[in-house]
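Peer 1: quick check, what structure comes out for this input:
(chains A and B)
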Amino acid sequence: MHKSWWKILCVLLLLYTFIGGFLMDVPRLPALSETIRNLYFHVCMWFCMMILFTVSVVYAIRYLRTNKLTDDIYSRQFAAVGIVFGVLGYATGAIWMSYTWADPNNSSFQSFNAVAREPKLIGAAIALLIYFAYMVLRDSISDIDKRARITAVYNIFAFALLFPTIWIIPRLLPSLHPGGENGNPALDFKDIDNRMRLVFYPAVIGWTLLGVWITSLKIRLNLLKEKRFLQ
Amino acid sequence: MRKLKSLFTFIPLFLLTQISYAQNDGDKVEMADTMRSNGRIYVVVAVVVLILIGLLLYLVRLDRKITRMEKENNG
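Peer 2: Numbering: from 1, shown residues only, chains lettered A, B, ... in the order given. Alright, predicted model coming up:
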């Protein structure tokens, strides 16, 4: 194991997240009640995804400048792990929403009608589908250099589309998801409770480091696999 | 010295705001207070933390394995 200090930091922060996240005090809010603790898990998935996609697009641009296949491998692996975290964020959101947004007086089928129109859900689904297409595109081109170049350009477009689909449009439309009029609820200093920030920020860092750790393993494995092309 | 004095006046004020926090929220919202008071919450935490540790150890093992492969490949 090399450069292990941030891996130790990752382990410590995640342990703190899980212990503090369950045991520390949270504000008593109607409808949310104890599920507010999902903030330490569900929201962190999206933060981690966003950071990994950002790193991915940086490596894509670097590939276009340098034409080194190493950068292409970096870019691909960061996008792949970003997708995993995105899917986890989506799935956890689905569970959370079915307990807090669904109208308890209606059957879940009827409240699905309202919940499925949620712009944040549709936007996030589109953003993830664009990244799925990135993976499909990669595997459909057999020429290595061509694949790297085309997908690097596609990666930039995919990243650009993240902003309207998950940041802008859900905030322009009426939405059940927090963060409608007043920006990002997790980053707004007036909105999120002080006690929650004590766990939330370490949690974001911990989860992101975990994502980077997994990515670094995948990158190293792929560098070994593609060794003969990299010289 | 003056700094210290102001610090001593402010700390109780901070504590006061904490107390008012606790009272503002009210006890109307139903939380898992029973689970906390009888200590069952620690069972949940223990299980979750154990799973986390298991997954992280698995990651460490993979990391070591890949390091070994890298050494064999370059050596």
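Peer 1: C-terminal to the helix or strand hosting A:Tyr74, what's the next element?
Peer 2: Element membership for A:Tyr74 (DSSP states H and E) is helix A:69-100. Per DSSP H and E, helix A:69-100 leads on to helix A:108-115 as the next helix or strand towards the C-terminus.
Peer 1: tell me the buried residues in the helix or strand just after that following helix?
Peer 2: Counting by DSSP H and E, the element after helix A:108-115 in chain order, helix or strand, is helix A:119-140. Buried residues in helix A:119-140, counted by 16 or more other CB atoms under 10 Å in any protein chain shown: A:119-121, A:123-124, A:127-128, A:130-131, A:134, A:138. Backbone N, C-alpha and C define where each C-beta goes, glycine included.
Peer 1: looking at those, spot the one nearest B:Lys71.
Peer 2: A:Arg138 (29.6 Å; CB to CB).
Peer 1: what's near enough to touch that closest one?
Peer 2: A:76, A:147, A:151 (CB atoms under 8 Å, 6 or more residues apart in numbering or on different chains).
Peer 1: redo that, cut-off 10 Å
Peer 2: Contacts were defined as CB atoms under 10 Å, 6 or more residues apart in numbering or on different chains; by that measure A:Arg138 touches A:72, A:76, A:79-80, A:147-148, A:150-151, A:154-155.
Peer 1: could you do A:Ile150 as well?
Peer 2: A:137-138, A:140-141, A:143.
Peer 1: what's the angle between the helix or strand hosting it and helix A:119-140?
Peer 2: In the assignment (DSSP H and E), A:Ile150 maps to helix A:144-162. With axes from the mean of the first three to the mean of the last three CA atoms, to 10 degrees defining the directions, helix A:144-162 sits at 170 degrees from helix A:119-140.
Peer 1: what angle sits between helix A:144-162 and helix A:69-100?
Peer 2: 30 degrees.
Peer 1: which parts of whatever helix or strand comes next after helix A:144-162 are buried?
Peer 2: The first helix or strand that comes after helix A:144-162 along the chain, using DSSP H and E, is helix A:169-172. By neighbour count on 16+ other CB under 10 Å, the buried set for helix A:169-172 is A:169-171.
Peer 1: how about TSV for those residues, with distance to A:Gly20 added?
Peer 2: Listed next are those as TSV, based on distance: CB to CB, whole Å:
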residue	distance to A:Gly20
A:Ile169	34
A:Pro170	29
A:Arg171	30
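Peer 1: I'd like the buried residues of helix A:119-140 laid out as a markdown table, including distance to A:Ile19 and pLDDT.
Peer 2: Listed next are those as a markdown table, based on distance: CB to CB, whole Å; pLDDT from 0 to 100:
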| residue | distance to A:Ile19 | pLDDT |
| --- | --- | --- |
| A:Pro119 | 35 | 86 |
| A:Lys120 | 30 | 87 |
| A:Leu121 | 31 | 88 |
| A:Gly123 | 33 | 92 |
| A:Ala124 | 29 | 93 |
| A:Ala127 | 32 | 95 |
| A:Leu128 | 31 | 96 |
| A:Ile130 | 37 | 96 |
| A:Tyr131 | 33 | 96 |
| A:Tyr134 | 37 | 96 |
| A:Arg138 | 39 | 94 |
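Peer 1: tell me which of those residues is nearest to chain B?
Peer 2: Among those, A:Arg138 lies closest to chain B (CB to the nearest CB), at 22.3 Å.
Peer 1: nearest to chain B: which residue in chain A?
Peer 2: For chain A, CB to the nearest CB, closest residue to chain B: A:Arg28, 4.1 Å.
Peer 1: where does pLDDT dip in chain A?
Peer 2: By pLDDT under 70, the low-scoring segments of chain A are A:1-3, A:104, A:108, A:179-192, A:231.
Peer 1: again, 90 this time
Peer 2: For chain A, the stretches with pLDDT under 90 are A:1-4, A:24-36, A:39, A:93-121, A:166-198, A:226-231.
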